[in-house]
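Enquirer: Need a 3D model of the sequence below.
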Amino acid sequence: MPGPRAGEAKVRRVESVVGRDSGGWRRVARVVVGGNGVRGDGSEIDEARARSVFSGSRRIVVLGCTGGAGQSTTALMLGHTLAHYRDDRVVAVDASSGASTLSSRIEPETPETLTSLLAGLPQVGGYLRMRGYTTRTSSGLEVVGADGDAEAEQRLADRSLFSDDRLGDALALLDRHYKLTVIDPAAALAARVLPYADQLVLVVPASEEAPEAVGMTYEWLDGHGCADLRRRAVMVVNGVSRRSMPDVEQAEAVASGRCRAIVRVPWEDDLAPGGVEVVDPGRLRTAGRRAYLALAGVVVAGFAAQRIRPSEEELASDPPGTRIGER
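Expert: Next up, the predicted model:
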């Protein structure tokens with residue numbers, strides 16, 4: 001097939017929405033690369049979806065299907081994108097450990113971490129006190145950071161500090177002050193945070209191990225009583241390039257019909273291991289920014305059909321100035 005003539009726009013597929021549980025809409029988002037500024041990629045639709053209004057607060061849990069999938073990077077970029085396009089408060093909770101955490105890719109404003117937030121929960125009342133535990137980034141995203149010391153992983157598995165009651169109380173607190181909470185959990189916490197998720201984002205690398213990783217993750221979710229959450233999940237194929245397309249298509253074949261949507265995110269040098277230390281969303285290539293916007297749109301679109309949680313109905317009756325997401 002001949003390539004595009006000079007001056008023509010080259011169209012590259014970035015996102016595909018597939019599956020029987022896609023809520024009645026299927027679309028292939030196309031990115032225009034080159035040409036004369038023509039926008040044929042559906043970005044306006046994605047932006048409208050990302051800005052959609054929904055009731056109450058929502059929690060998004062991001063899980064990698066295998067090590068090195070890009071779980072933390074996806075959680076960070078999804079948070080950045082949601083914060084940029086929405087007028088609500090958005091927070092990312094780094095509940096991970098190790099050298100390549102979400103927190104390691106931002107400039108911290110505070111030494112406070114998730115551990116100190118859990119320890120100080122009874123003293124956190126209004127938003128100003130909550131703000132003392134977060135770092136606000138240039139996109140508007142706030143981040144509750146992770147511990148960076150050698151004992152961090154052991155603390156995450158400590159059920160006295162990270163008890164179910166304390167985790168629930170922490171998420172209820174975040175619900176009061178943030179419209180959207182993106183959670184990036186360590187493996188030790190993954191199964192324990194899933195019951196709190198309104199939306200699950202699964203991340204798989206664009207590599208030969210992707211098809212098997214997707215299948216095993218789906219089996220694990222079903223075995224842990226999360227079949228409904230898995231059916232409503234969004235799968236991100238991370239680091240897509242021309243060379244990886246055969247592996248990408250095989251992974252999508254395994255996922256097709258078993259999740260709500262599939263989003264392809266192209267390879268981005270800045271986001272790869274060994275890339276820039278502090279991620280600036282504005283420096284990403286156009287294709288990458290559009291892919292994360294497509295992801296944000298797909299995620300928010302899924303909230304419209306969800307019922308408001310009982311605790312949120314109570315919050316909705318709070319006096320003006322205390323409602324979720326109000327600035």
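
Enquirer: Quick one: the strands in the stretch 101-250 of the chain, in order.
Expert: Using DSSP state E, counting those that start in this stretch, the strands found in the stretch 101-250 of the chain span residues 135-136, 142-144, 180-185, 199-205, 234-240.

Enquirer: can you give me the offset of the last one from its chain's centre?
Expert: In this case it means strand 234-240. 11 Å (CA atoms, centre = their mean, to the nearest Å).

Enquirer: Now do it, average pLDDT.
Expert: Average pLDDT, strand 234-240: 93.

Enquirer: Repeat that for stretch 208-227.
Expert: In this model, stretch 208-227 has a mean pLDDT of 95.

Enquirer: same check, this time on stretch 77-96
Expert: Per-residue pLDDT values across stretch 77-96 average out to 96.

Enquirer: Please apply the same query to stretch 141-157.
Expert: 82.

Enquirer: CA atoms only for it, dumped as PDB, please.
Expert: In PDB, the C-alpha atoms belonging to stretch 141-157 read as follows (Å, rounded to 0.1, in the frame of the first residue of the first chain):
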ATOM      1  CA  LEU A 141      -3.100  16.900  40.600                       C
ATOM      2  CA  GLU A 142      -2.400  16.400  44.300                       C
ATOM      3  CA  VAL A 143      -0.300  13.400  45.400                       C
ATOM      4  CA  VAL A 144      -0.200  11.600  48.700                       C
ATOM      5  CA  GLY A 145       3.400  10.300  48.600                       C
ATOM      6  CA  ALA A 146       4.900   6.900  49.400                       C
ATOM      7  CA  ASP A 147       7.600   6.100  51.900                       C
ATOM      8  CA  GLY A 148      11.000   5.800  50.200                       C
ATOM      9  CA  ASP A 149      12.900   4.000  52.900                       C
ATOM     10  CA  ALA A 150      13.900   0.300  53.100                       C
ATOM     11  CA  GLU A 151      11.200  -0.600  55.500                       C
ATOM     12  CA  ALA A 152       8.400   0.800  53.300                       C
ATOM     13  CA  GLU A 153       7.300  -2.500  51.800                       C
ATOM     14  CA  GLN A 154       7.200  -4.200  55.200                       C
ATOM     15  CA  ARG A 155       4.900  -1.400  56.500                       C
ATOM     16  CA  LEU A 156       2.500  -1.800  53.600                       C
ATOM     17  CA  ALA A 157       2.000  -5.400  54.700                       C
END
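
Enquirer: quick one: V193 from E112, how far?
Expert: Applying CB to CB, to the nearest Å, the value for V193 to E112 is 20 Å. Just so you know, the C-beta spots here come from the backbone N, C-alpha and C atoms, and that holds for glycine as well.

Enquirer: ok, the two, which is more surrounded?
Expert: V193 (20 against 17; other CB atoms under 10 Å).

Enquirer: With adjacent residues omitted, what lies nearest to the more buried one?
Expert: Setting aside the residues directly before and after it, V193 is nearest to P185 in space (CB to CB, 6 or more residues apart in numbering), at 4.9 Å.

Enquirer: What about the one you found, how many residues nearby?
Expert: Neighbourhood size, P185 [other CB under 10 Å]: 22.

Enquirer: do the one 3 residues further on as well
Expert: Counted with other CB under 10 Å, the burial measure for A188 works out to 17 neighbours.

Enquirer: Test my guess that it contacts E153.
Expert: Yes - using CB atoms under 8 Å, A188 makes contact with E153 at a distance of 7.0 Å.

Enquirer: So which of the strands of the stretch 101-250 of the chain is nearest L121?
Expert: Nearest to L121, of all these, is strand 142-144, at 12.2 Å by CB to CB.

Enquirer: how much distance is there from that closest one to the middle of the chain?
Expert: Put simply, strand 142-144 sits 13 Å off its chain's centre (CA atoms, centre = their mean).

Enquirer: which neighbours does it have in its sheet, and in what orientation?
Expert: strand 90-95 (parallel), strand 135-136 (antiparallel) (DSSP bridges).

Enquirer: Generate TSV for those strands, with mean neighbour count as supplementary columns.
Expert: Compiled in TSV, the strands paired with strand 142-144 are given as follows (neighbours: other CB atoms under 10 Å):
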stretch	mean neighbour count
strand 90-95	27
strand 135-136	18
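
Enquirer: Looking at these, which is nearest to A294?
Expert: Among the strands paired with strand 142-144, if distance is taken as CB to CB, the winner is strand 90-95, at 17.3 Å.

Enquirer: Quick one: list the elements packing against the strand or helix carrying M77.
Expert: Taking DSSP states H and E as the criterion, the element that holds M77 is helix 71-85. If contacts are counted by 3 or more CB pairs under 8 Å, 6 or more residues apart in numbering; DSSP states H and E, helix 71-85 sits against helix 43-50, strand 58-64, strand 90-95, strand 180-185, strand 199-205, strand 234-240, helix 286-301.
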